[in-house]
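K.L.:
Only the shape, not the letters, is given here:
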């Protein structure tokens, strides 16, 4: 599980670009939490979810998620090289993108947000097929792809639950 894959820096970030890569990849250093950095990263995406939902249409929300997905792949790829291991736990931008993707076209309320968070983390941690296969993709793509596939599962299950338990 990702929580146990602690990378260490090959050297201290030397440039502003390297600092920015680690800042974004670790979601403002939340990924350096010693306890459940992935879960904490997902939780800290809630204010961003609310902010985007408050000011953006559903289409703009989707575009923002896709932009963050591309940024996540890029910074994850670069941060993996800096942190000297594959999918280190300090990289949590994938959890942020995954949680935001979970909530695409979901009516927001405290139940849906908590349900989405729990379902996304469950899918991300248990990695049902093909989530685990997506994780095997190389470099930054694999870091983000498994969370995106987990988000699709979580979104579908959340929609079913919301129909059954309105």
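P.N.:
Sure thing, it's come through. Because the structure is predicted, anything quoted here is derived from the model rather than measured. Numbers count the residues shown, from 1 in each chain.

K.L.:
Mind telling me what element residue 134 is part of?
P.N.:
Assigned by DSSP states H and E, residue 134 belongs to helix 131-135.

K.L.:
what packs against that helix?
P.N.:
helix 139-164 (3 or more CB pairs under 8 Å, 6 or more residues apart in numbering; DSSP states H and E). (C-beta placed from N, C-alpha, C; glycine too.)

K.L.:
Figure out the helix or strand that the residue most central in space within the chain lives in.
P.N.:
The residue lying closest to the centre of the chain (CA atoms, centre = their mean) is residue 95, at 1.7 Å. Per DSSP H and E, residue 95 falls inside helix 93-102.

K.L.:
quick one: pLDDT of residue 4?
P.N.:
Here, the pLDDT recorded for residue 4 equals 50.

K.L.:
I meant residue 85, not that one.
P.N.:
For residue 85, pLDDT reads 78.

K.L.:
With residue 10 instead?
P.N.:
54.

K.L.:
if we can go back for a sec, off-centre distance for the helix holding residue 95?
P.N.:
Relative to the centre of its chain, helix 93-102 is centred 3 Å away, using CA atoms, centre = their mean, to the nearest Å.
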